[in-house]
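>>> Sequence and predicted structure below; questions after.
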Amino acid sequence: MRALTRPVPLAALVLGGALVAWIITVQRMRGMDAGPGTDLGGLGWYVGIWVTMMAAMMLPSAAPMVLLYARVSRERARRGQAAFVPTWIFVAGYLAAWTAYGLVAYGIYRAVVAAGTGWLAWDRAGPYVAGGALIGAGVYQLTPLKDVCLRHCRSPLHFLLQGWREGRTGAVRMGLEHGAFCVGCCWGLMVALFALGVMSLAWMAIVAGVILVEKLAPQGERLSRVFAVALVALGIWVAAAPGSVPGLTQPGKAPAMKMR
């Protein structure tokens, strides 16, 4: 098992896990895009597909942190400073943070449904709400909190040096904390995904690409400003002329498969 903490095998494992998650997501979500306001189905089904989606979307951009954690953990164990802790425990804590975000989103969705969604119909306020969510996501890209969280995700070494915790419980806590920073960095982009159609494979791939560029590209912090402008422009477009937005499914205009 310790051999899997070596950089090349571990990187292959993380990226391979992301690829498998993408394959499963495509198989389970193909044809389910109903546009903004897509039915999220039952809680059990939703949690399963949400965790799979997060593994597919987030693991590639989280790979540098996972590799760094494994390197420090392996070195501490080699020196006899701490017991060996499998890296998957850290990854599990990271995905747990995103699972919590997904549960909050699901709770909000269910509360809105229970309160009545007639006013959210696509021929009423639906396009304006979806457009407003996209504009809000774009504005968040420009906030100090976004900057702090993005800097953490791009340069996590200080987090490991200052916040290291021993043992399996410590690994879970560190995964949760890093995941919380990641949620702080990307929650607006996930709101954009919900606004565009959370079951849309195309929009999911675009959002995943934006996250990857922000976290790993040399000019990622500057490009986050470009993405902010793009989100605001897209929000205005969706609100003003949703039918002309490429790739945006019009709710009620095209049949979607039921949740499997």
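The structure has been received and is ready for your questions.

>>> what comes up buried for the host helix or strand of residue 158?
With elements taken from DSSP states H and E, the one containing residue 158 is helix 157-163. Using 16 or more other C-beta atoms under 10 Å as the burial criterion, the residues of helix 157-163 that qualify are 159-160. Glycine gets a C-beta too; all of them are placed from N, C-alpha and C.

>>> who's in contact with it?
68-69, 72, 152, 174, 177-178, 181 (C-beta atoms under 8 Å, 6 or more residues apart in numbering).

>>> what about residue 151, which SS state?
The local conformation at residue 151, judged by DSSP: H, G, I helix; E, B strand; the rest coil, is helix.

>>> Can you report how many residues lie near it?
14 (other C-beta atoms under 10 Å).

>>> mind checking pLDDT for it?
Reading off the per-residue confidence, residue 151 sits at a pLDDT of 92.

>>> Give me the nearest residue to it, chain neighbours excluded.
Across the structure, with C-beta to C-beta, 6 or more residues apart in numbering as the measure, the residue nearest residue 151 apart from its sequence neighbours is residue 221 (7.4 Å).

>>> what's around that neighbour, how many residues?
For residue 221, the tally of surrounding residues (other C-beta under 10 Å) stands at 15.

>>> Contacts only, for it.
With contacts defined as C-beta under 8 Å, 6+ apart, residue 221 is in contact with 147, 150-151, 154, 214.

>>> Which strand or helix spans it?
Per DSSP H and E: residue 221 is located in helix 220-240.

>>> chain center to that helix, what's the gap?
18 Å (C-alpha atoms, centre = their mean, to the nearest Å).

>>> could we number from 3 for the rest of this?
Shifting the count to begin at 3 puts that one at helix 222-242.

>>> Tell me which residues of it come out buried.
Using 16+ other C-beta under 10 Å as the burial criterion, the residues of helix 222-242 that qualify are 222, 226, 229-230, 233-234, 236-237, 239-241.

>>> Below-threshold pLDDT in this structure: ranges please.
Of all residues in the chain, those with pLDDT under 70 make up the ranges 3-8, 119, 255-262.

>>> ok, now how distant is residue 241 from residue 129?
Computed with C-beta to C-beta, to the nearest Å, the distance linking residue 241 and residue 129 is 5 Å.

>>> hmm, back to that, any chance of the contacts of residue 223 in TSV with distance to residue 12 as columns?
What follows is those, written out as TSV (distance: C-beta to C-beta, whole Å):
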residue	distance to residue 12
149	29
152	24
153	24
156	20
216	23
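
>>> and those residues, which are buried?
Buried by 16+ other C-beta under 10 Å: 152, 156, 216, out of those.

>>> ok, the nearest residue to the second one once chain neighbours are set aside - contacts?
Same thing as residue 156. Computed as C-beta to C-beta, 6+ apart, the closest residue to residue 156 that is not its neighbour in sequence is residue 217, at 5.8 Å. Residues counted as contacts of residue 217 (C-beta under 8 Å, 6+ apart) are 63, 152, 155-156, 187.

>>> Closest one to residue 86 out of the contacts of residue 223, please.
For these, the closest approach to residue 86 (C-beta to C-beta) belongs to residue 156, at 28.0 Å.

>>> Surely that closest one is in contact with residue 221?
No - between residue 156 and residue 221 there is no contact under C-beta atoms under 8 Å: 10.9 Å.

>>> For the stretch 103-252 of the chain, just list every one of the helices.
For the stretch 103-252 of the chain, helices defined by DSSP state H, counting those that start in this stretch occupy the ranges 128-142, 146-156, 159-165, 169-198, 203-218, 222-242.

>>> among those helices, which is nearest residue 59?
Nearest to residue 59 among the helices of the stretch 103-252 of the chain is helix 203-218 (4.1 Å), distances taken as C-beta to C-beta.

>>> Buried residues of that closest one, list them for me.
The neighbour-count check on helix 203-218 (16+ other C-beta under 10 Å) flags 203, 205-206, 208-210, 212-217 as buried.

>>> Please apply the same query to stretch 80-93.
By neighbour count on 16+ other C-beta under 10 Å, the buried set for stretch 80-93 is 84, 87-93.
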